[in-house]
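Chemist: attaching a predicted model along with its sequence, questions to come.
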Protein chains: 2
Amino acid sequence: MSKKLDKITPRSVDFPQWYTDIVLNADLISYGPVKGTIIFKPYGYAIWEHIQQILDGEFKKLKVKNVYFPLLIPKSLFNKEKDHIEGFAPEVATVTKVGDKVLDEELYIRPTSEVLFGTFFSKEIQGYRDLPLLYNQWVNVLRWEKTTRPFLRTSEFLWQEGHTVHSSAQEAQDFTLKILNLYAKFAEETLLLPVIKGQKTEFEKFAGADKTYTIEALMYDGQALQCGTSHYFGQNFTKPFDIKFSNKENQLEYAYSTSWGVSTRLIGGIIMSHSDDSGLVLPPAIAPIQVMIVPIKNDEQLTTVSNEVIAALTNYRCEIDFSDKSYGFKAANTEIKGIPLRIEIGPRDLAENKVTIVRRDNFEKIPVLLADIPTVVDKLLKEISVNLYERALNNRDANTKRLNTFAEYKAALNAGNGLYLAPFCGKITCEEKIKAETQTTTRCIPFGIEQEKAKCFYCQSDSELIVYFARSY
Amino acid sequence: MSKKLDKITPRSVDFPQWYTDIVLNADLISYGPVKGTIIFKPYGYAIWEHIQQILDGEFKKLKVKNVYFPLLIPKSLFNKEKDHIEGFAPEVATVTKVGDKVLDEELYIRPTSEVLFGTFFSKEIQGYRDLPLLYNQWVNVLRWEKTTRPFLRTSEFLWQEGHTVHSSAQEAQDFTLKILNLYAKFAEETLLLPVIKGQKTEFEKFAGADKTYTIEALMYDGQALQCGTSHYFGQNFTKPFDIKFSNKENQLEYAYSTSWGVSTRLIGGIIMSHSDDSGLVLPPAIAPIQVMIVPIKNDEQLTTVSNEVIAALTNYRCEIDFSDKSYGFKAANTEIKGIPLRIEIGPRDLAENKVTIVRRDNFEKIPVLLADIPTVVDKLLKEISVNLYERALNNRDANTKRLNTFAEYKAALNAGNGLYLAPFCGKITCEEKIKAETQTTTRCIPFGIEQEKAKCFYCQSDSELIVYFARSY
């Protein structure tokens, strides 16, 4: 819009305010009229569309098929799995009327759709040849939240939820991990977020799951963000929902199920990992505009050259800023919006057949011959991706610490947020107390780190786990 | 699934049952647990994905940007435009509680989002340079329906809703028609549905609109289907929602707005226009599978050739049926699912370096040399498209009649459904009576037919309109 760009609070001064300033000034969202809801403006929604497109392609490679299940869930259906309803009941928006007419049964707006898929699968599945069933849907869900923040925690959010059914525990378990690995690869290679893969503790696992796997990232401020989860349900849903199949021996068996999801909170993760005091910084792969061409004034020669440059960059999402704003405004706008590369076109450079390309990640200005632009753009976008990932990884490493005692942990938290690795007994009661005392939670029991015999850092009982703790979004 | 294919009721015997049989046997949907809701199964959802992809590309060419607005609308906001709330109130699902907590204000699940866009636009728009704003969203909406039928009328459906704001009445009006033309072109060229473009009468126009434009198609049974609408609101929403902009003279003016949408009912329109007693018939452009290769038995030679054929058809959505079903089952399955072309691969044909291609639209069997398959597939898909369109057009022409008196009209309706063109005064009271007496409504005041001075076929008053009447879905 035509309003002028506002100041962004420095990240070091007030991290939450910096985040809000970026979200609003980069024109990603506007607040909705209902508490905790957001309007995805075109630029914000385009980021989600790129995330969707890439992930959807990956799901399809695994032969996952897209479907659409209804928004509303009868209360009676939701009550079939005890842990599930207990976990979600307090935050479920409930439809009780249509027009003036009170409904016979209350309907819940889906906070997640396990029970709908469960009901469907029980009718759909007959024999082992029908399995596995691999479904996914891209939809809106509602979970009423007390404290909300754009993308990170909103009453309504957009996500994908995958639901699969398998004929053996092993196959279901393998698929749960296959999706976790897909999420981790996507987070690292596309969103440039280094993530830790692991399993949730009993206290933190999904309501109704046997095992919940997670990818966890560390934000710039030292708080963790759960970026995606994959749940192995065993027969927790197939038994109450009567999902049976006749096996090769023609005997009826309960099947095994999974579910998994990532949501629009990933956008929050991108912002809090990569952005800086000049505004948003976007990973090239999901940037709605990868290259902005900025003629430093509006004249005929610069217009002609701008059009030639964009014609040579058809492999990229590229635009020219022909608005009547000042050069300074246009340049600042590319920075606030996190556009990976800006190509400045001015008469002095052109006299030498050159333009200046400016990197968003480190503000480096690179003089480039006109003929070399496509090659250099390609190279720089790759370099930016490498740099953003490394920067985030360095930040995580600098904020990760191994601890052995709770005293050490409290001292470390006093000094600042971060990821803290500690031996832990895994008991729900200990975890509740730690949360009450420190406002931190376990993030995961990490894969790829040798679990060890030690004393729990909190209760001193024998422990065979080593677990990440952190304050989290 | 592994269940055997069920019989389809002949279309001529029981059209509604034929429709239901096709929808279920082609594996498009399953019924949801809440009355009037459907589950889009993978094959049904894939059709919608193709519709989305093509239309979305067309919208983007017009510089329309995708956004996402919240699902829930505060009651007070909805009440701002009188006609709008009156039109939608009886069918709006209402959230009154979250968990056990009763909300201070009731929230409506969107039946359409004019009031949310209106609220947003009033904050967003400042000067004439901000205009036009051209937004669209692909979302779910709810409208509680008494009688429901898959795709055609469901309590929840999927659609796109475009919302635009302009600085002049003329520009808004032009854009409304530009979208109508886009819809008509898409319906005719992609879905192969001949449509009539026109304007809705006062009685039939959208709640809150100045003018509603529509595309109307005639189904095989002689009933009409409204396939898409585009509304010109004038200042009906911009005034109550205070959407103003400062014009070039720096004076504040109310803006002009439009909205437009097509929904998953298009899938119902495709089924009822093209399908037959063997099952679904799909337009090639939106068929999830365009070509099914069916080796007539599973042996090594046929497998090798099938793989060679699919490798030569990378420009098409093509699959091989390697299942252990009988050849007859596989062939019937391609017909029930409306796959435009089936390539039968058998040893007798192969001895002459040939295969047999079977058209879904007319069951013609065409022997084709292996080397010619890609060329012939391309040609046949085009011919099928032409044929399906012409068949639907011939059906419409055969069921369209010009009338001058209400007696003639009642006689015609007794003989059968169809599109009836008659001179009409346009009065709401006449239209109400005609609807009560005949269960038919006006479909539109068509474009491209000369409107004429005559006597209203119902009330005999002077009339300058000529209008289509029909029974409709």
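Modeler: Yep, it's here.

Chemist: I'd guessed residue A:422 sits against residue A:467; true?
Modeler: Yes: counting by Cβ atoms under 8 Å, residue A:422 does reach residue A:467; the two are 6.4 Å apart. (C-beta placed from N, C-alpha, C; glycine too.)

Chemist: and the pLDDT for residue A:3?
Modeler: Listed pLDDT for residue A:3 reads 47.

Chemist: and what about the most centrally placed residue in chain A, helix, strand or coil?
Modeler: Central residue of chain A (Cα atoms, centre = their mean): residue A:266, 2.2 Å from the mean position. Secondary structure of residue A:266, reduced to three states by DSSP: H, G, I helix; E, B strand; the rest coil: helix.

Chemist: could you tell me which residues make contact with it?
Modeler: Applying Cβ atoms under 8 Å, 6 or more residues apart in numbering or on different chains, we find residue A:266 in contact with A:51, A:187, A:191, A:227, A:228.

Chemist: among those, which lie within helices?
Modeler: The subset of the contacts of residue A:266 located in helices under the criterion DSSP state H comprises A:51, A:187.

Chemist: quick one: residue A:218 and residue A:395 touch, right?
Modeler: Yes: using Cβ under 8 Å, residue A:218 and residue A:395 qualify as a contacting pair, with a distance of 6.9 Å.

Chemist: which one of the two is surrounded by more residues?
Modeler: For residue A:218 versus residue A:395, the count of surrounding residues by other Cβ atoms under 10 Å in any protein chain shown is larger for residue A:218: 31 against 18.

Chemist: point me to the helix or strand that includes the residue nearest to that one when sequence neighbours are not counted.
Modeler: Distances taken as Cβ to Cβ, 6 or more residues apart in numbering or on different chains put residue A:396 closest to residue A:218, at 4.3 Å, once the chain neighbours are dropped. When elements are assigned from DSSP states H and E, residue A:396 belongs to helix A:373-398.

Chemist: and residue A:141, by the same measure?
Modeler: Assigned by DSSP H and E, residue A:141 belongs to strand A:133-142.

Chemist: so which elements touch that strand?
Modeler: Counting by 3 or more Cβ pairs under 8 Å, 6 or more residues apart in numbering or on different chains; DSSP states H and E, the packing neighbours recorded for strand A:133-142 are helix A:42-61, strand A:65-66, helix A:114-124, strand A:156-166, strand B:133-142.

Chemist: now these as TSV including mean neighbour count?
Modeler: Below are those laid out as TSV (neighbours: other Cβ atoms under 10 Å in any protein chain shown):
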stretch	mean neighbour count
helix A:42-61	18
strand A:65-66	18
helix A:114-124	23
strand A:156-166	23
strand B:133-142	21
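
Chemist: those helices in the stretch 351-473 of chain A, which residues are they?
Modeler: With DSSP state H, counting those that start in this stretch as the definition, the stretch 351-473 of chain A shows helices at residue ranges A:373-398, A:406-415, A:428-438.

Chemist: mind checking which of these is nearest residue B:126?
Modeler: helix A:373-398 (33.9 Å; Cβ to Cβ).

Chemist: please identify the deepest-packed of the helices of the stretch 351-473 of chain A.
Modeler: Mean neighbour count, computed with mean count of other Cβ atoms under 10 Å in any protein chain shown, is highest for helix A:373-398 among the helices of the stretch 351-473 of chain A, reaching a mean of 17.

Chemist: picking up where we left off before, give me every residue that touches the residue nearest to residue A:218.
Modeler: Applying Cβ under 8 Å, 6+ apart, one finds that residue A:396 lies in contact with A:194, A:217, A:218, A:419.

Chemist: so which of those residues comes closest to residue B:247?
Modeler: The shortest approach to residue B:247 among those belongs to residue A:217, at 47.9 Å (Cβ to Cβ).

Chemist: ok, residue A:93 touching residue A:110?
Modeler: No: in this structure, residue A:93 sits apart from residue A:110 without contact. The criterion is Cβ under 8 Å, and the distance is 9.5 Å.

Chemist: common neighbours of the two, please.
Modeler: residue A:142.

Chemist: show me how chain A divides into domains.
Modeler: For chain A, the structural domains run A:15-274, A:291-380, A:400-470, going by automatic domain parsing.

Chemist: chain center to the second one, what's the gap?
Modeler: What separates the centre of domain A:291-380 from the centre of its chain is 30 Å, taken as Cα atoms, centre = their mean, to the nearest Å.

Chemist: distance across that domain, terminal residue to terminal residue?
Modeler: With Cα to Cα, to the nearest Å applied, domain A:291-380 spans 11 Å between its terminal residues.

Chemist: do the last one as well
Modeler: Distances were taken as Cα to Cα; on that basis the terminal residues of domain A:400-470 are 10 Å apart.

Chemist: same question for the longest one.
Modeler: With Cα to Cα as the measure, the ends of domain A:15-274 fall 13 Å from one another.

Chemist: if we can go back for a sec, so which of the contacts of residue A:396 is surrounded by the most neighbours?
Modeler: Neighbours were tallied for each of the contacts of residue A:396 (criterion: other Cβ under 10 Å), and the maximum of 31 neighbours falls on residue A:218.

Chemist: of the domains of chain A, flag the one that's most buried.
Modeler: Mean neighbour count, computed with mean count of other Cβ under 10 Å, is highest for domain A:15-274 among those, reaching a mean of 20.

Chemist: go through the domains of chain A and name the closest to residue B:236.
Modeler: From the domains of chain A, taking Cβ to Cβ, the stretch that ends up closest is domain A:15-274, at 19.8 Å.
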